[in-house]
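S.K.: this one's sequence-less:
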């Protein structure tokens, strides 16, 4: 059997196994039984003429042939998806799919924007994945989604990053914190103040630590969490202060639970970026959504809260 006789079904199965590095998880995703999936992978390996996986203990690893086939599968499946989107474009974007992966910080506005896009294009099937930066970078490396929304594009990956909205970072405390009454606070004044921070690797945390290190301040970390909500609740409980994206605290500012401190050098001016791998063919639907992002961000004041004067 020649590789030319491999079926698209087999390539999709192999791509799923290679992505999860697990036959069981791939079978679950594709709604197949593990034995049925294994048969298809074995037949594909016979067509290639070389084993595609090595099994060591309970783990599987791609062979050199498996690595090469993974790259080929990405090219083939991406091209077919692009063709689907081209056809959808000819039909007025009434059909097709859109997969967006975004940071949890953007849950305050990206779902709303995606909802607006879907209202304009009801025939587009959309999938939204929300996770932390580490998980999104893993998905980006595997090219699992059409578009990624990040606050800081990865420097170690070859990507295209287009800024579409402001993402100012601010220092936040409980409304009755003594520092809320002060103006133009020197960063050094915060040296001994306990901070509640996002998890290591978070873009917000990286930016905050970089700023304070430049001012000779090592933050005194009291707690760290993997979600903005946990950080905000801890700050509202008086356990410390924090640095957060202004887009995450609109409700708390309005209700008086939190306040922005007037720290010299803040807000830190950052951007939200639409990111995708360099060289990736961008489908008409993805292009349309990016255009929608830019237009909606401009019309909505860049989706951030109006920052009050501290």
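M.R.: Right, received. Where do you want to start? This structure is a prediction, so every number in the text was calculated from the model and none was measured.

S.K.: Where does the prediction get shaky in the stretch 151-300 of the chain?
M.R.: Filtered on pLDDT under 70, the stretch 151-300 of the chain yields the residue ranges 299-300.

S.K.: Can you show me the strands along it?
M.R.: For the stretch 151-300 of the chain, strands defined by DSSP state E, counting those that start in this stretch occupy the ranges 159-166, 169-174, 194-198, 220-225, 242-245, 258-260, 271-277.

S.K.: any chance of those in JSON lines, with distance to residue 132 and mean neighbour count too?
M.R.: Yep, even glycine has a C-beta here, placed from its N, CA and C like the rest. As requested, the strands of the stretch 151-300 of the chain are arranged in JSON lines below (distance: least, CB to CB, whole Å; neighbours: other CB atoms under 10 Å):
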{"stretch": "strand 159-166", "distance to residue 132": "18", "mean neighbour count": "18"}
{"stretch": "strand 169-174", "distance to residue 132": "17", "mean neighbour count": "23"}
{"stretch": "strand 194-198", "distance to residue 132": "8", "mean neighbour count": "22"}
{"stretch": "strand 220-225", "distance to residue 132": "11", "mean neighbour count": "15"}
{"stretch": "strand 242-245", "distance to residue 132": "14", "mean neighbour count": "26"}
{"stretch": "strand 258-260", "distance to residue 132": "22", "mean neighbour count": "23"}
{"stretch": "strand 271-277", "distance to residue 132": "15", "mean neighbour count": "20"}
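
S.K.: max-length helix in this structure?
M.R.: Across the chain, the longest stretch assigned as helix under DSSP state H is helix 64-90.

S.K.: From the chain's centre, how far out is that one? Work that out for me.
M.R.: 22 Å (CA atoms, centre = their mean, to the nearest Å).

S.K.: With stretch 157-177 instead?
M.R.: Mean-position distance between stretch 157-177 and its chain equals 14 Å (CA atoms, centre = their mean).
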